[in-house]
Every structure is written in structure tokens, then in C-alpha cells.
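J.: Curious how this folds, go ahead:
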Amino acid sequence: IVQSAGHIRVFAIALAASGNAADLTPFIHAVGIASVRIAEFVQFPWLRWVPFIKTRMKDAVGDVRRNADTLKAGGNIDESWIAVIEVMLTDIESTVERIMEYPYPRGSLSLRRLIAAFGIPVANDPTGSVLDFSVRVAIAYTLGTVAAAFITDPKIHSYWFPTTVAIIMVPGGTGRSLDRLSRRMLGTILGACLVSVLSLMFKWPELSDVIQSFSGGLAIFFGLANFTWFVFFLTCFIEPTGVAIGYRIAWTLAAGLLVLAVTLIYPRPTPELIGEKLALQAKSVKDYAVAVLATKNRTDEVDRVEGGDDAAPTASETYLSNEFEESALRKAATLAQIAVMICLNDSIMTPQKFRIDPFILAREIMSDLANASAIPGAIEFSQGKADGLLQYLSEDALTQLDRLVERLEGNQPAKVVVPQQIEERSSCSTDPFSGAIANAHQRLDMAGL
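T.: This is a model prediction of the structure:
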């Protein structure tokens, strides 16, 4: 069942990248609904005794069949894609037959699955960034709390010291915390100036109530939208009279110096550059495509031999090991996803490393490589029925993939570019394999890499 689900996912990506989106969208949508119904049935075994659930799953599979028949009757889809659709349909229908046959999903009940079933969170920190941040914030917050404990005068508001440490310290490199500190200082100073001016201009007894009424709501409004404005209105809310505003500015500055000291003494390990991770994924796609081509060529050669003692290889012998190739591609994709997470943590204010939004760029290039890898995957997993897709694995496309690897390994400083530009999709090619590679090249061009 797991293998069939993996194949269906690869086929769906290949179809989505094929350039026939308008015609294929209803079919892909129906496949998605059917996959969700199957997943529910497997995840919650007791549902098999609920007639409505069985009927709903069968209806979803029937909808996949109807959409497939509509595509075949329409004549707008190339014959090689019809073969892919047929294999997807067979996989879905056979999966439903299997899960309806067995009384309970078979497989080992590992401790991790048992913990997940009861809703207990399992640690997922492949980059180590969560652990690094936890240690740094624990050290800084403890030092701030100990220092504040020695100051007993309530007018000085010493609790602002550790509180500010917790607010301005964020995961990632020192640059992100410095950015947060600068925004905190700016918002605090602007808020202090405003309440001081209002206190001098208006001598109303109710002035502090009015300031708190407006600034409290606006602080909540800007809580996630803009940190500077959040601090600005929060300062007005906490200190509407401006009496202790000097202490607030002093504690903010002291907290910033403490955070800076802790991050310098306990720095984050320098992560591998994202280009290396994406280059590894691109290499895996290239190796995969070449292996599928070579295997197909060997099959054609055996078929041409007449009168040989050796029988032609079976489909399972002809095509590469699904387990080996899928694990290699999965590993490359996972490494690229980890690289995206690392970039998200380390990108802001890191000199000569990233001058663009690396998260958006890496995510889009990783998507392009996933689209490209789905084409040889569809050829392999269809057991020869989708050989018409071999036309896309051209030498020129493989050469462009080699060039993409070289560019990703270059790690050149990027020019400043508007992040939204990177998200624009290219329509340079309708070829789902070389078109995806060309998209990745275009993104690097737009980023100045």
C-alpha cells in the first residue's frame, strides 16, 4: 500500500508538470480525494465497519475512473500520458481491494507510531537549530533573571530585563537577534517620545486611560504584522505617563548586550550552504534519469536478440530497484528541505551569504527538481507502459541539469532582488522535464546567482 501511494504521488507530480493542467485538473483532484479516503480507512481501522465510510471511499474511486474515461475519450491528452493515468487508476483500485480484504492494516506498531497515535509530540529537529536556540535562550534568560533578582526597588521594573531577553532572542544567527533588538529599541524610543510629548501637552487626569485604550488594541493588531509598531504601541500601553520610560530604554539596551554576548560565546555551528544541498538533489535527478535511460536501452537490446538462450528480462528485472531509487530521491529531497529550514534561520543580515529571500528561492528550485524527477519516476513505475515519456529525457536536458548542478555549487553572492520575482513561474517550455530544469535556471538568473 505504501509503495502504491508513493507511485501515485510521483505520477500526480508528473501529470501536473506536463503542461495539460486545464484538462488534467479534475482527474488529479479526484485522485487526491480518493487518496485521502484511503488514508482515512487505513489510519482508523474501525471505520471499515461503518457503511457510509465504505460507500464514500468507493464513490471516490469511481470518480477517479469516470475522470480517467473522460480524459481518454476527449483525445486532448498524449498517448504516453494515458498510460500513466491507467497505471494510477490500477494502483488506486488495487489498493482499495487490498484494504477491504484484510481485517486490519498489517505492519509493525512502533513506539514512535504509538506515541503519535496518542498525540504526544515527537522531536523533529534535523538541523539542530531548535536545540541550539533552546540552549542559548536558557543561558541568556537565566542570567537576566538572576541579575533582576538582585534589584528589589519596584520602581526600576527589573523584570523588564529577562522579559526583553526572551522577546528579542530568536532562532538563527546573531544577525536576526540584532535585527530584533534594533526594532525593539526603535519602537521603545518612538513610544517614549510620543507619551512624553502628550504628557507635556495635555494635563488631563484621564490621559493615561485614553492612551492605554487605543495603544492596547493597536499593539494586539500589530502583534504579528510588524514588530516595530507592536513595540511602539506596547510601550505606550505599559508606560502611558512616561515616568519610568528611561528604565525601559536602559533595560532594553542591557538585554540586547546580554543577548549579543551569549550568541557570540555560544554561536550556532555554521551550516552547509543551501547550494550544496540543492546540487545534491539535482545530481540525484540526473543519475536517476540516466539510469532509467540506460535500463530502457538495455531492454531494447535484449528484445532485439533473436535465438538467444537467455529469456528477455521481466518487467521487475528490467527496471531499477524501486526501493533503491526512491530512497535516493527521497534522501536528496529531504536534504534540500533541511537546507531550506537552515536558510530560513540564517538568512537575515548575514553578510556576503544571502542577499535574497533564500527560503522562497530554495523552495521553488526544489519544486522544479521534484517535477523533473517525476518524469523518470513515471517511466519506471509504469513498468514500461509510459515509455512515450522517454522523449523528454534528451541529452540536451541532461546537459542543462549538469550545468544547474555547477551553478548551485558555485555559492556566489547574490544581487539584491525582490523576493516576489523569484516566485514567478516560467513558461519557457512545455516539456515537463527540461522545462522544469529551465525554470530552475531562470530563477537563479533572476536572483543574480
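
J.: need the longest helix for this structure.
T.: Looking across the chain with DSSP state H, the single longest helix is helix 274-304.

J.: by contact count, what packs against that one?
T.: helix 315-318, helix 322-346, helix 358-381, helix 395-410 (3 or more Cβ pairs under 8 Å, 6 or more residues apart in numbering; DSSP states H and E). Where you see a C-beta, it was placed from the backbone N, CA and C, and this is true even at glycine.

J.: if you set the cut-off to 10 Å instead, what comes out?
T.: helix 315-318, helix 322-346, helix 358-381, helix 395-410, helix 434-446 (3 or more Cβ pairs under 10 Å, 6 or more residues apart in numbering; DSSP states H and E).

J.: what's the angle between it and helix 434-446?
T.: Using axes from the mean of the first three to the mean of the last three Cα atoms, to 10 degrees, the direction of helix 274-304 lies 160 degrees away from that of helix 434-446.

J.: Might you list the low-confidence residue ranges for the stretch 51-200 of the chain?
T.: 102-129, 171-176 (pLDDT under 70).

J.: now the helices for it?
T.: Assigned by DSSP state H, counting those that start in this stretch, the stretch 51-200 of the chain shows helices spanning 51-74, 79-101, 111-117, 129-149, 160-168, 174-201.

J.: three-state assignment of the residue of the chain positioned farthest from its centre?
T.: The centre of the chain is farthest from one residue, Lys203, which by Cα atoms, centre = their mean lies 54.0 Å away. Following DSSP: H, G, I helix; E, B strand; the rest coil, Lys203 is assigned to coil.

J.: Tell me how far it lies from Val197.
T.: Lys203 is 13 Å from Val197, where distance means Cβ to Cβ, to the nearest Å.

J.: between the helices and strands packed on helix 274-304, which has the poorest average model confidence?
T.: Among these, helix 315-318 carries the lowest mean pLDDT, a mean of 40.

J.: quick one: low-confidence parts of the stretch 201-350 of the chain?
T.: Short version for the stretch 201-350 of the chain, where the test is pLDDT under 70: 240-243, 267-274, 297-330, 332, 334-350.

J.: quick revisit: buried sites along the longest helix of the chain?
T.: In terms of neighbour count (16 or more other Cβ atoms under 10 Å), helix 274-304 has its buried residues at 274-275, 277-289, 291-293, 295-296, 299.

J.: Stretch 374-392 now?
T.: By 16+ other Cβ under 10 Å, the buried positions in stretch 374-392 come out as 374-382, 385-386, 388-390, 392.

J.: now do stretch 197-214
T.: Neighbour counts over stretch 197-214 (16+ other Cβ under 10 Å) mark Leu198, Ser199, Leu207, Ser208, Ile211, Gln212 as buried.

J.: how about a markdown table for those, with distance to Leu401 added?
T.: Below are these laid out as a markdown table (distance: Cβ to Cβ, whole Å):
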| residue | distance to Leu401 |
| --- | --- |
| Leu198 | 63 |
| Ser199 | 66 |
| Leu207 | 67 |
| Ser208 | 66 |
| Ile211 | 61 |
| Gln212 | 61 |
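
J.: which one of these is nearest Ser94?
T.: For the buried residues of stretch 197-214, the residue nearest Ser94 by Cβ to Cβ is Gln212; the value is 65.7 Å.

J.: how far out from the middle of the chain is stretch 4-15?
T.: Relative to its chain's centre, stretch 4-15 lies at 19 Å (Cα atoms, centre = their mean, to the nearest Å).

J.: Same check on stretch 55-64?
T.: 31 Å.

J.: elements contacting the helix or strand hosting Thr263?
T.: If you go by DSSP states H and E, Thr263 is part of helix 245-265. Counting contacts by 3+ Cβ pairs under 10 Å, 6+ apart, helix 245-265 is packed against helix 129-149, helix 160-168, helix 174-201, helix 227-238.

J.: Among these, which comes closest to Ile92?
T.: Nearest of the helices and strands packed on helix 245-265 (Cβ to Cβ): helix 129-149, 37.7 Å.

J.: angle of the closest one against helix 245-265?
T.: Between helix 129-149 and helix 245-265, the angle comes out at 140 degrees (the same axes, to 10 degrees).
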